[in-house]
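K.L.:
Here is my input, please return the structure:
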Amino acid sequence: MSLRVWDERVVPRLTDLSLRGHEVGEMREVACAGLTGRVLEIGFGSGLNVRWYPPGVTSVTAIEPSDLGWEISRRRRARTTLPIDRAGLDGQRLDLPDDSHDSALVTFSLCTIPDPVLALREARRVVRHGGRLHVLEHGLAPDEGVRRWQRRMEPLQRAVAGGCHLTRDVPAMVSEAGWQVTELQQEYLPGPAVSRPWVFGTRLVAVRD
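P.N.:
Alright, predicted model coming up:
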């Protein structure tokens, strides 16, 4: 099987399976709380956030590079009356007007975007002044022992998981893109110590000033 076939036909299914559990769902619910109005979602994936959009959301503009991921999301999109439109494939280059959205959402996607800071800057351009960015991601751990394993494992992780990085500092990237972080929670997910390189999570809310 070629790497391209693996990335296009297998990785979206594996991602859907690994990120749709009850525990991750609870984190998605918390991450989505407070979203309002027209929402830009970068990395829509298989639509695992759809059930967690709060009542204040009026529409969703989905940016999703995977055609298979979008197809898998069909059933989840069909269960809501909320308008959800796919408006692009690349979060780094959004064909959307400035100040056209009220909120932005990114979950488990900054790890795979080639230039995540560029994508976050594009989101900041598209979200109005005073609008919010909600993020749920995994990334760089605080413990040097875990970081060493993250650095060792990252080449393999990138090869088998669609370019996924283990060592990205999520709050630093958000700040570098010009957002003002107002809420930040970071912790390891429950599980054995051997899983720690993959399960240091960040949930944050940032505001466009």
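K.L.:
Quick check: next helix or strand after the helix or strand Gln150 falls within?
P.N.:
Under the criterion DSSP states H and E, the helix or strand holding Gln150 is helix 144-160. Helices and strands here follow DSSP H and E; after helix 144-160, the next one along the chain is helix 170-176.
K.L.:
So which bits of the following helix or strand past that following helix are buried?
P.N.:
Moving toward the C-terminus from helix 170-176, the next helix or strand (DSSP H and E) is strand 180-188. Applying a neighbour-count criterion of 16 or more other Cβ atoms under 10 Å, the buried positions in strand 180-188 are Val181, Tyr188. Just so you know, the C-beta spots here come from the backbone N, C-alpha and C atoms, and that holds for glycine as well.
K.L.:
and strand 180-188, what does it pack onto?
P.N.:
If contacts are counted by 3 or more Cβ pairs under 8 Å, 6 or more residues apart in numbering; DSSP states H and E, strand 180-188 sits against helix 170-176, strand 200-207.
K.L.:
Relative to Trp149, which of those is closest?
P.N.:
strand 200-207 (11.2 Å; Cβ to Cβ).
K.L.:
For the closest one, give me every contacting residue.
P.N.:
Contacts made with strand 200-207 from outside it, assessed by Cβ atoms under 8 Å, 6 or more residues apart in numbering, are listed as 27, 30-31, 34, 130-142, 146, 170-171, 174-175, 179-189.
K.L.:
chain center to that strand: distance?
P.N.:
A distance of 10 Å separates the C-alpha centroid of strand 200-207 from that of its chain, computed with Cα atoms, centre = their mean, to the nearest Å.
K.L.:
What of stretch 105-124?
P.N.:
7 Å.
K.L.:
what about that stretch, how long is it end to end?
P.N.:
With Cα to Cα, to the nearest Å applied, stretch 105-124 spans 11 Å between its terminal residues.
K.L.:
So for that stretch, what gets flagged as buried?
P.N.:
Along stretch 105-124, the positions that meet the burial threshold by neighbour count (16+ other Cβ under 10 Å) are 105-113, 116-117, 119-124.
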